[in-house]
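Participant: no letters, just coordinates:
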């Protein structure tokens, strides 16, 4: 064995020793992490009860969308012969998954408030059944939203294009589903649903908001609609619109008061252009108002009014003479 | 059997009866949903022909990206020996999938207009072939976009970082692919592609827009570029910029007129800073203009001009003295 | 064989010949694409060394999140009995994957600068180990962020809702992980991580920014935080806030100077409302300042100051009288 090979071998052994030295640190690291788990400053979900599964909630949304828009998002062709089996299969699957997740979210909540959990499983089944019974109405109101998108957007080539690809319709579909569950007082799941839509299309509608029929959000990126908004029928909203809160009242102990109305009311037939911000629980935008782009409103506007920013002063500089 | 056990058993039987009662409602719910499918107010895709598959369109984009940027998004190392097999395999796969989806989108459109579909399969193959032939030019124009990103962004550490992680490049890559298919008059698929990019990186470029070489979108969240925009070469755009329409002309029957120019024209070498809004079909931003942040423009600007918002009046309040 | 059948057969043969003709073009297309790969104008990663895998980096983030928030994103229930095995398994898996990707990113960088790569594998293991050792501190600082979200948002129903669904927490979690790797001078991977979060929740935090504890981003869509920002403790930021650069100094050869401070400093206890833009390396927002919605700031603000836009002039038009 000549020197060169011996040197290399030696180097190999040293490198392998280094590798082993790093690997040997893992048990200590694991212990430190576990210790940090029991630190009350940190958050974990250990020794707790079951929790809803985020992945399963997203899968549920997928199944619901297949039922709401039959035939659009399928690999197979749906015709009137196989439709009953198709819908039947989907609804059964949805019932099993939704009742399980609802039960988990209720058990999780019982546990959080230190209550004993009785009949949570049955309540999951009851609430899932109630939700399923609302699907025909959901299909009708969503059809009104699709019609409004088509009527309001000259870039829309067909209804199918809207169903396939419009981010606003995706967000409104998920919101309408989540809102029904929110109204049934199901914890956690509605918010997981709308935050999923928020992450997919960047339209942030809180499941608590109340929104009428024929609702259309165009482009949509950056739209924020707060928990206690009330929105009438035939309302159209563009990208970057915020319907938000002004101030957050606190109780005597300095904790935030949760659950009071904090967000504005938008009456029927209102159009709100991009970037407008409307804030406050007492702010009412009257019926048939038009709110111009980038307007910032914190007080009510009478019905039938157009509100615009006064054109701001612009400064023009010619590159060559100045 | 003592009382306690008997009580529990009885409770078990009752709970199981409750469960069965909920389950027994499913057939009625399924019938109600199916009935709502045949309601003409609702949208479904039943008894229709084949439709393009959204999942497949996304997979196609993935393959195209692997061909456009060879070696970047692969698990294996690509070298000059295996490159021909690699590209050959990807292109063949792309041809099969793209020609099928194009055919589906054409059949779907024929059906929608009540036309008979002749040679739709062959047209799918023809259009897929045309698209494949454009890939070398696409690679060239995308290289100009990458160069411009590197030259314009001091946070860019390398070209590779841009290709790996820049959302603007992702959106522009998908747009350039979708635009070629849009120019070939392929229905639905181009919009599915750009709305997919919109959902991933929140940059909303309509496939109909015309955009020159060396185009760079920095950060990008909230950018909206409308269907009939015309953008020259060497244009740089920041987050939140809208290139949009002002008004939507209607025909005598009150229906929107689709397909006319509604969006602005941006000439060569223009920079548009974050949050600027430029609207209207007759609005032309002349060559070498600089449009400042948050500016709102609805009329043309002469070449070589810088347009800025006059600094708005700010109110400063000291917390302690006021 | 009657005429009709013969005609159909003939048509079949013609169609199949057309199909073959398209297919026969593929080899030529493949050659053209490969030729375009060797064009120096285009970007490829052929004959290069290994590169980090984007998919694997995303998988690593997933594992890290499971370790940071034990029990929240699991299919199984974690209790104090199985916790050590659970964390032990995750940490070992993370160590293997992270040390491999770090090694790849270092080898890739060595290659780029034409350096010989010695002990890159071992450096990968060393840096992965350093990162793992920081996990307990990461858990603590993230707990402060969660507490601040709960204290600042009346729509938050529980800590669990925040961990499950808040986009701001997702972005800050990924940022805090990426920042540690950035501080360890790991190339490419930190930016892939934060751009992944950017694509999921549209909050764009550069891994180079320095951010104190108790940080909360509400809603978050469109937030941009630049590479050289310095943010203190207890800072709250709303959607659409930009902390950016004004100008990009160039060196004598006209190339951008990279790596200097270009972004503002935000001191402790500052609140920045939606749509505000704060630019420039010398801009310091003093402690306890409140920056109002849509404010545009390019100079420093003294501590304890509230800065608001002067209410802009609005134009109200009654639809019926005007």
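Facilitator: Good, I have the coordinates. As the structure is a prediction and not an experimental result, all values here were calculated from the model. Numbers count the residues shown, from 1 in each chain, chains lettered A, B, ... in the order given.
Participant: now do the same contact list for the closest residue to chain C within the stretch 101-250 of chain A.
Facilitator: Residue of the stretch 101-250 of chain A nearest chain C, by Cβ to the nearest Cβ: residue A:195 (3.8 Å). The C-beta positions use only the backbone N, C-alpha and C, and glycine is treated the same way. Residues near residue A:195 by Cβ atoms under 8 Å, 6 or more residues apart in numbering or on different chains: A:204, C:164-167.
Participant: measure stretch A:300-308 end to end?
Facilitator: Stretch A:300-308 has an end-to-end distance of 14 Å (Cα to Cα, to the nearest Å).
Participant: and that stretch, is it in reach of chain B?
Facilitator: No. Stretch A:300-308 does not reach chain B (Cβ under 8 Å from any Cβ of the partner chain); its nearest approach is 10.4 Å.
Participant: quick check: mean pLDDT of that stretch?
Facilitator: The pLDDT scores in stretch A:300-308 average 94.
Participant: same thing with stretch A:151-159?
Facilitator: Stretch A:151-159 shows a mean pLDDT of 88.
Participant: returning to what we had before: from the contacts of residue A:195, which two are the most distant?
Facilitator: Farthest apart among these by Cβ to Cβ are A:204 and C:164. That separation is 15.4 Å.
Participant: which one's more surrounded, these two?
Facilitator: Neighbour tally, residue A:204 and residue C:164, criterion other Cβ atoms under 10 Å in any protein chain shown: the higher count belongs to residue A:204, 26 against 22.
Participant: the more buried one: what's it in contact with?
Facilitator: For residue A:204, the contacting residues are A:194-195, A:198, A:223-225, C:167, C:219, C:221, C:239, by Cβ under 8 Å, 6+ apart.
Participant: now tabulate these in JSON lines and tack on pLDDT, secondary structure and distance to residue A:243.
Facilitator: Putting the contacts of residue A:204 into JSON lines (pLDDT from 0 to 100; DSSP: H, G, I helix; E, B strand; the rest coil; distance: Cβ to Cβ, whole Å) gives the following:
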{"residue": "A:194", "pLDDT": "96", "secondary structure": "helix", "distance to residue A:243": "14"}
{"residue": "A:195", "pLDDT": "93", "secondary structure": "helix", "distance to residue A:243": "17"}
{"residue": "A:198", "pLDDT": "93", "secondary structure": "helix", "distance to residue A:243": "15"}
{"residue": "A:223", "pLDDT": "95", "secondary structure": "coil", "distance to residue A:243": "8"}
{"residue": "A:224", "pLDDT": "95", "secondary structure": "strand", "distance to residue A:243": "7"}
{"residue": "A:225", "pLDDT": "97", "secondary structure": "strand", "distance to residue A:243": "5"}
{"residue": "C:167", "pLDDT": "94", "secondary structure": "helix", "distance to residue A:243": "18"}
{"residue": "C:219", "pLDDT": "89", "secondary structure": "coil", "distance to residue A:243": "11"}
{"residue": "C:221", "pLDDT": "89", "secondary structure": "coil", "distance to residue A:243": "14"}
{"residue": "C:239", "pLDDT": "92", "secondary structure": "coil", "distance to residue A:243": "12"}
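Participant: near chain C, which residues of the stretch 51-200 of chain A?
Facilitator: Residues of the stretch 51-200 of chain A lying near chain C (Cβ under 8 Å from any Cβ): A:51-54, A:108, A:112, A:187-188, A:191-192, A:195-196, A:198-199.
Participant: find the least confident helix or strand in chain A, judged by mean pLDDT.
Facilitator: Least confident helix or strand of chain A, by mean pLDDT, DSSP states H and E, is helix A:3-23 with a mean of 78.
Participant: outside of that helix, which residues touch it?
Facilitator: For helix A:3-23, the external contacting residues (Cβ under 8 Å, 6+ apart) are C:95, C:99, C:119, C:121-122, C:125-126, C:128-129.
Participant: now it: buried residues?
Facilitator: Residues residue A:22 are the ones in helix A:3-23 that count as buried (16 or more other Cβ atoms under 10 Å in any protein chain shown).
Participant: repeat for stretch A:239-258
Facilitator: Buried residues in stretch A:239-258, defined by neighbour count with 16+ other Cβ under 10 Å: A:239-245, A:256.
Participant: so residue A:69 sits against residue B:45, correct?
Facilitator: Yes. Residue A:69 is in contact with residue B:45 according to Cβ atoms under 8 Å; the separation is 7.2 Å.
Participant: thinking again about what came up before, which of the residues of the stretch 51-200 of chain A next to chain C are buried?
Facilitator: Applying 16+ other Cβ under 10 Å to these, the neighbour count classes A:51-54, A:108, A:187-188, A:191-192, A:195-196, A:198-199 as buried.
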